[in-house]
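> model this:
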Amino acid sequence: MHPDDDFDQKLTPGQPPSLSADDTSSERMMGRHRAVPTPRRGVRAVLASTPVRVALATGVTCCLGATAVVATRHDDEVPPPPVTEALTDRALTDRALAAQEKAASRSFDRSPTPTPASPTASPSAKPSPTPKPKPKKKAPTKPPRPRPVAGLTQAQMDNAKAIVDVGVDMKIPRQGLVIAVATAMQESTLLNYASGVLPESQNYPHQAIGWDHDSVGLFQQRPSSGWGSVRDLMRPAYAARAFYEALLQVPGWQQMSLTLAAQAVQISAFPYAYAQHEDRAATVVAALT
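Prediction:
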């Protein structure tokens, strides 16, 4: 060791235990020639030295760097509120998309979702009223056939009823009804006759065939005499109406006897034959009115 080293290691009375780096470096640079001790410098003088200032700057820089690292790590760990909200929204969006994809795959694997019921099929909707079936029109029922009286057959009684019904519709007095029924009893025995002389008459409903010239129907009225066409005279209702119209044209027929009134209409070769049927005719009219 250099002799100056022992001297340097000894403390001068009144000198502080530690010397600054500047003092030591100054003494070492002087070599063997010891420099004159300099008086103690203050804090400002120490801070004003270049090495101290460099050291302080370096320390401050290191502290700032550490602080920056800590702040950076803190920033990385805890993002600021706006970034946190953005990340939260994105996470929720990702979860919603994942849920939709999961639901879509679930519905794809299973049967298709049933379509919603129509508004009319909803429980709250009132069902439309079922239209009531229209009542079927009943076919007009035929009036019951009259019960035969006075020894007549059913066919004869039906023809007698047709004669009486027309007279009632024309408001013919009861005496005129009896005259008409008695006349038909004498002329055709209350049967609807066709004529063998008129083949046309046989084309219509009939119950017997006669040969008295061209006489046809219940009253043996002749088409050649102007009573009507063969077709019309073969209908009992028409033949009865033709008889009543002719009777109403006979003056005072209501004061005449049945024979005279009937003969005035028919002009028959047997004028007195009608009277024999008066009682039976009255019985039939009573049964039908």
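
> pretty sure Val250 contacts Ala261?
Yes - look at Val250 against Ala261 with Cβ atoms under 8 Å: they come within range, at 6.5 Å. Where you see a C-beta, it was placed from the backbone N, CA and C, and this is true even at glycine.

> of these two, who's got more company?
Ranked by neighbour count (other Cβ atoms under 10 Å), Val250 and Ala261 place Ala261 first, with 24 against 15.

> in terms of helices and strands, where is the more buried one?
Using DSSP states H and E, Ala261 maps to helix 258-266.

> which other helices and strands contact the helix or strand just after that helix?
Using DSSP H and E, the helix or strand that directly follows helix 258-266 along the chain is helix 278-288. Helix 278-288 sits against helix 154-169, helix 174-188, with contacts defined as 3 or more Cβ pairs under 8 Å, 6 or more residues apart in numbering; DSSP states H and E.

> run the last query once more with 10 Å
Where contact means 3 or more Cβ pairs under 10 Å, 6 or more residues apart in numbering; DSSP states H and E, helix 278-288 is packed against helix 154-169, helix 174-188, helix 258-266.

> quick one, that helix and helix 174-188 angle?
120 degrees (axes from the mean of the first three to the mean of the last three Cα atoms, to 10 degrees).

> could you measure from the nearest residue to Glu200 once chain neighbours are set aside over to Gln207?
Closest residue to Glu200 apart from its sequence neighbours, by Cβ to Cβ, 6 or more residues apart in numbering: Val230 at 5.0 Å. In this view, Val230 and Gln207 are 16 Å apart by Cβ to Cβ, to the nearest Å.

> again, but for Lys161
The gap separating Lys161 from Gln207 is 15 Å, by Cβ to Cβ.
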